[in-house]
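Undergrad: my questions concern the predicted model and sequence given below.
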Amino acid sequence: MALTDLRDKLVADLGRDGVIDDPAHLRTYECDALTGYRVVPALVVLPRDAGEVATAVRACAEHGVPFVARGAGTGLSGGALPTADGVVISLQRLRRIIEVDPVNRRAVVQPGVTNLDISKAAAAYGLYYAPDPSSQQVCTIGGNVAENSGGAHCLKYGFTANHVLAVDVVLPDGTPTRLGGDAPHQAGFDLLGAFVGSEGTLGVVTAVVVRLLHTPATVRTLAADFDSTETAGAAVTAVIAAGIVPAAIEMMDNLAIQAVNEAVDAGFDPDTAAVLIIELDGPADEVEERFAEVTAVCTAATRVTIARDAEQRARFWRGRKAAFAAVGRLSPNYFVQDGVVPRTRLGEALARIAAMADEAGLRVANVFHAGDGNLHPLVLYSEAAGEHERAEALSSAIAELCVELGGSLSGEHGIGTDKACSMPRMFSTDDLETMKRLRAAFDPAGLCNPGKIFPTPRLCGERPGPYRPHPLESAGVIERL
Amino acid sequence: MKPATLAELRDAVRDTDGPLVVRGAGTAAGWAGTPLPGATEIETTGLDRLLAYNPDDMTVAVEAGMPLTRLQAELAPHGQRIALDAARTPAGATVGGLVATADSGPLRHSHGGPRDLVIGVTVVLADGTVARSGGHVIKNVAGYDLGKLFCGSFGTLGVIAEVVLRVHPLPPATRTVALPCDAVEAVDAAGRLLAARLEPVALEWCDGSLLARYEGGPSSVERRAAVTPGTPLDGAAEAKAWQRVGDVSEEQTVVRCGTRPDQLPYVAKHATRVASSVAVGVHTVAVAGDAEVERLRAEFEHVTLCRRPPGSDLPAWGRPHTAVPLMRAVKQRFDPAGRLGAGRFAPWF
Amino acid sequence: MKRELLDVCVHCGFCLPTCPTYVTTGDEAESPRGRIYLMSLAERGETPIGGAFTEHIDSCLGCLACVPACPSGVQYNLLIEAARPRIEQEAPRSLGERSFRRLVFGLFPYPRRLRVAAVFGVLYQRVGIRPTRLLSRLPARVRALESLLPPVRVRDLFARTPRATPPAGSARRRVALLTGCAQRVFFGKVNAATVRVLAAEGCEVVAPRGQGCCGALSLHSGRDDEARRFARRTIDAFGDGYDAIVVNVAGCGSTMKEYGELLSDDPAYRERAAAFAAKVRDVTELLAELPPIAPRHPVEARVAYHDACHLANAQRITAQPRQVLAAIPGVELVDVPEAQICCGSAGVYNLLQPETAEELGKRKAANLTSVKPDVIATANAGCLLQIGRFTSDGTPIVHPVELVDASIRGAAAPKGG
């Protein structure tokens, strides 16, 4: 009843063209890029501007109907998974770049603008938007804000949270408000900082003010082959220990390289055990000095290829950024995992993952942001061969291994639906209850993207997994009261 | 009360009644409004241990009462530092206090403020709940980022007990160039330096000079300084120039405000002295009197009062911005009884 | 719609920004990923053929921009070619829809019929009655048909390509030219330029008689049997004995390169079709292969090159036309925003889905004219017609080979009409 009323109201306000209720049509919205979770929404709305977003949210709030904002649907944690009997608010018609302000080095954009299009619009002024998730040509800035997206270059440049000055949001009751301001100084608590990365649970973004940086004067990139992931990992530690902050250090293991070479002509050696892509950028002198240090540190490499021009560098990155999807060429199905370990434990983490994979009888390809210790193990399996459950268990075990090693369940893909049940491995009940206070302040009715981040009995069974002590806690460094 | 462990802090909060006010080293006691009299003071300076530091991971965990200068001294032998240089640091400001006040200095140009450096926190809420958020790795999106929420909370949401920070390498060399100019020219000159992609680590306009500081390899730093308009400063002059930037915060009436960078001239016209991170638009502004503060507030939304002369009845906050109702809602959920820091954020709370 | 082809899609969404209908609507079902999802549902019997399925498959331009964008290697071309016949076979269309389709498919693939229709069209234009008010009230489809007609003279409609043209000097290649159906009628001058350029570059050029439509229009609209009929006839008409079969229409070239797969179930034609397909070359592809021997004269022009989808995406030919154009002294090639987005022509799409086509046409024209070119060049008849319809500032639109021809002949760049 509420849904019928709501549909009529939305059709009246947004037009027939802005509301989808055909059953087959709705099914195309039942999942994001994590297809393992599927829920058909009751309605999808496609508002055209901020006013229509507010109208849609207010209507949902008034009818007590849950809603989920959706960008390009490229998320890998099921963060945009619809709720049954709920509404999906797609922001794909809010795609305007409202302003590029070269004097103040910022841009104001609607949430449906893709990450890469911001940089394209800024390019005319020698500026760009720094965070560069691998899906940057597709993923939208609204989704980046929701997930606090990182990317290959966040080692030097930081994440979405470090590059967003303000967001216009519609709060879950339909009230429009602005978080943040004209500069990184807010009068009061950093609500903006709390909002970025809240996975769409605190409100719906209708405009984003981002900082733009000047493109670096010089970029130098090399690809170094290693005879094992351990020696590659050691090289990463050596670079960082030398006091160098590269723009990016990425690693791919042999399986990932094979996939990438099939997908794009990236030119990686198909026989090497691991490749590191190391990129330095900045003023020419500084980069050259540091680049020499990096190449010196890579003595254990079996081969070092220095990109001779922008084209070759672009090829390295095309290969790296296509890696996830390219694995589709090696295996009919796979899980993309995302966990973080302290960088000094990379080698240990990789060895344990390999052992776990052997034990499970599955292949795991590794593609990751080595400089940040942000692992992306890809667990390959075949649905047809009935390997789904085994692969899912292995993938979850890898994420939890990251926590055990003192890291995190997620570096950039978010908790979403996928890892909500693992949250108690990383956070105590009090931690989670405290986070829920923030949620309640924004969304007392709990209508905004419900069922994400926090474990629920329905999702996780009656008893979510038990808390395990953090290693620092075990070591007596920190105490859990 | 001066708890020495997290448990003592938790007990101090949980086992007492009535209003509480949190105090670190007391270097920003007057910021953001005067606490109402009669509140029990919780001093965090007893919580001053280094909890975990592995230089190769470039993260460090400390108790909130540790002075930043002491933490820097722990890191320096490993060639590392916290890239935070708030003016009150030499006066003994604690890590927790700097987070609670969201304070920063000229390095904000390249490294941001506490929000950009804090990767994990442990907080004690008004009801004694101990909660952690974030963790010990730089890249981490698991759960809400309470560390950022507590930046600029001035002790009103909870007591910050532990802080995990990311560290940065100490630069091998630095060099500052000073270019005399007015506020309008400073905006243009800063834009040109950035467009030349020289990547200064700080870019501060203060007392009629634009200071550009470079950090990096010795030859690179010298070459960048050489192509920067203005006069390269030698060691003593360099220290003195940056000291002057810090001194602005010591004037009688001081606010910090955030504007679009090109608004600097409009900010400066109200000021007796300004230390402005001109390229990011964060200004520390000394003004002649309360009336100028009101004028700044009339023009700009995000103005924080840092210092006012004794006896001034200037309200700590101006007209509420659009997110203030949401701040009240958050305060209500974290501290429904209003125990913590009553008087701060008046008249907003 | 084969399960194993569908399963290659991992739902990553990398195709979204390349899809013209997604870019204009923002609707998941109007994207390659959404369409594959619908195909997948239909394959499992979870959604009927018809309704939303038909609507969103029909609206696909078939531009295949999603294919090179796909990191997983989804063969969307095969998927969409398999999905369309299902609609034709299983989902009854309305009477009006059927009649219009019959008209289109009874006209365009047949040069003689098309020529008769075009004569009437040109005469109708001549009379000067283009009553805009009345016109704007016509259904969009009729308006599209009407306004696509390029500014041609009746005489042009009857231009013929000579049966054989000798090479200048000794022959480097012996090639056969597809003269096309709509191409032959509307763009006789492109064929003439192609013949002149190839001859000047040392090719003996034969235009086999008896050739008709290559089958592209039918294949791209799910009319498989009709497409196979056209393909067999084309193979027969061309016969053997050529180094290459040269095509100057991207849509035709891409279909002819697929003859091997199209006729793979036909034992009588299977091998001949594969051999034939292997020899098919776009004219720019062939010119890029042959080191120029004919001297080029300067053509001072800023040229915006538009990638025809069936050249760039289906045949992966993007460098060669640019290389051929850049080799002309005086030509300045400029990049165009949103280069990968289809112009909306897409075979007969602009007749069947005129609203979307119109939106895309305007968008493409705006992007092309935004770089202020002296000439727009594109290697496909449909694009030439479509862009011509929406470019209102008089910028001439030519086939790249016409610029090469102008350069070899020492003529000026074509002027706007």
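TA: Now that the structure is in, tell me what you want to look at. On a predicted model such as this, the values are computed, not experimentally measured, just so you know.

Undergrad: rest of the way, CA atoms for contacts and neighbours
TA: Fine.

Undergrad: for the nearest residue to B:Thr59 once chain neighbours are set aside, the count of nearby residues, please.
TA: Nearest non-adjacent residue to B:Thr59, counting by CA to CA, 6 or more residues apart in numbering or on different chains: B:Arg166, 4.4 Å away. Each residue near B:Arg166 was counted by other CA atoms under 10 Å in any protein chain shown, and the total is 20.

Undergrad: just give the closest residue to C:Tyr305, not the sequence neighbours.
TA: Per CA to CA, 6+ apart, closest to C:Tyr305 is C:Ala377, 4.8 Å.

Undergrad: quick one: strands adjacent to the helix or strand where that neighbour lies?
TA: If you go by DSSP states H and E, C:Ala377 is part of strand C:375-378. Under the criterion DSSP bridges, strand C:375-378 sits next to strand C:301-306 (parallel), strand C:397-398 (parallel) in its sheet.

Undergrad: and the next helix or strand past it?
TA: By DSSP H and E, the next helix or strand past strand C:375-378 is helix C:381-390.

Undergrad: and that next one, what does it pack onto?
TA: Using 3 or more CA pairs under 8 Å, 6 or more residues apart in numbering or on different chains; DSSP states H and E, the elements in contact with helix C:381-390 are helix C:140-148, helix C:354-370, strand C:397-398.

Undergrad: try 10 Å
TA: helix C:140-148, helix C:182-186, helix C:250-257, strand C:301-306, helix C:349-352, helix C:354-370, strand C:375-378, strand C:397-398 (3 or more CA pairs under 10 Å, 6 or more residues apart in numbering or on different chains; DSSP states H and E).

Undergrad: and the helix or strand that the shortest one is followed by with strand C:301-306, angle?
TA: To tie it back to what came earlier, the one meant is strand C:397-398. As assigned by DSSP H and E, the chain's next helix or strand after strand C:397-398 is helix C:400-409. Interaxial angle of helix C:400-409 relative to strand C:301-306 (axes from the mean of the first three to the mean of the last three CA atoms, to 10 degrees): 160 degrees.

Undergrad: which residues touch the nearest residue in space to B:His270 that is not next to it in sequence?
TA: Sequence neighbours aside, B:Glu292 is the residue nearest to B:His270 in space, at 5.9 Å (criterion: CA to CA, 6+ apart). Listed by CA atoms under 10 Å, 6 or more residues apart in numbering or on different chains, the contact set of B:Glu292 reads B:Thr253, B:Lys269, B:His270, B:Ala271, B:Thr272, B:Ala286, B:Ala298.

Undergrad: picking up where we left off before, how many other residues sit next to the residue nearest to C:Tyr305?
TA: 27.

Undergrad: A:Phe324 touches C:Pro71, doesn't it?
TA: Yes - counting by CA atoms under 10 Å, A:Phe324 does reach C:Pro71; the two are 8.4 Å apart.

Undergrad: the two: who's more crowded?
TA: C:Pro71 (30 against 27).

Undergrad: I'd like to know how far the more buried one sits from A:Met423.
TA: For C:Pro71, the distance to A:Met423 (CA to CA, to the nearest Å) stands at 32 Å.

Undergrad: same deal with B:Glu41?
TA: From B:Glu41 to A:Met423 the distance is 35 Å (CA to CA).

Undergrad: the more surrounded of those two?
TA: Set side by side, B:Glu41 and A:Met423 show more neighbours around A:Met423, with 25 against 14, by other CA under 10 Å.

Undergrad: SS state for the more buried one?
TA: helix (DSSP: H, G, I helix; E, B strand; the rest coil).

Undergrad: cool, B:Leu305 as well?
TA: B:Leu305 - assigned by three-state DSSP - is strand.

Undergrad: list the contacts of it.
TA: A:187, B:30-33, B:253-257, B:284-285, B:293, B:314-318.

Undergrad: try it again with 7 Å
TA: When contacts are counted by CA atoms under 7 Å, 6 or more residues apart in numbering or on different chains, B:Leu305 touches B:Trp31, B:Ala32, B:Val254, B:Val255, B:Arg256, B:Ala316, B:Trp317.

Undergrad: residue in chain C nearest to chain B?
TA: Residue nearest to chain B within chain C: C:Cys12 (20.7 Å; CA to the nearest CA).

Undergrad: three-state assignment of that residue?
TA: Quick answer, by three-state DSSP: C:Cys12 is coil.

Undergrad: so it sits against A:Leu76, correct?
TA: No - C:Cys12 is beyond contact range of A:Leu76, at 8.7 Å (criterion: CA atoms under 7 Å).

Undergrad: what touches both of those two?
TA: Joint contacts of C:Cys12 and A:Leu76 (CA under 7 Å, 6+ apart) are A:Ala33.

Undergrad: that older thread, farthest-separated two in the contacts of B:Glu292?
TA: Spatial extent of the contacts of B:Glu292 (CA to CA) is set by the pair B:Thr272 and B:Ala298 at 18.0 Å.

Undergrad: quick one: which of these two has more around it?
TA: B:Thr272 (17 against 12).

Undergrad: out of everything not next to it in sequence, what's closest to the more buried one?
TA: B:Val287 (5.1 Å).

Undergrad: quick check: the gap between the spatially most central residue of chain C and C:Glu226.
TA: Centroid-nearest residue in chain C, with CA atoms, centre = their mean: C:Gly251, separated by 3.3 Å. The gap separating C:Gly251 from C:Glu226 is 16 Å, by CA to CA.
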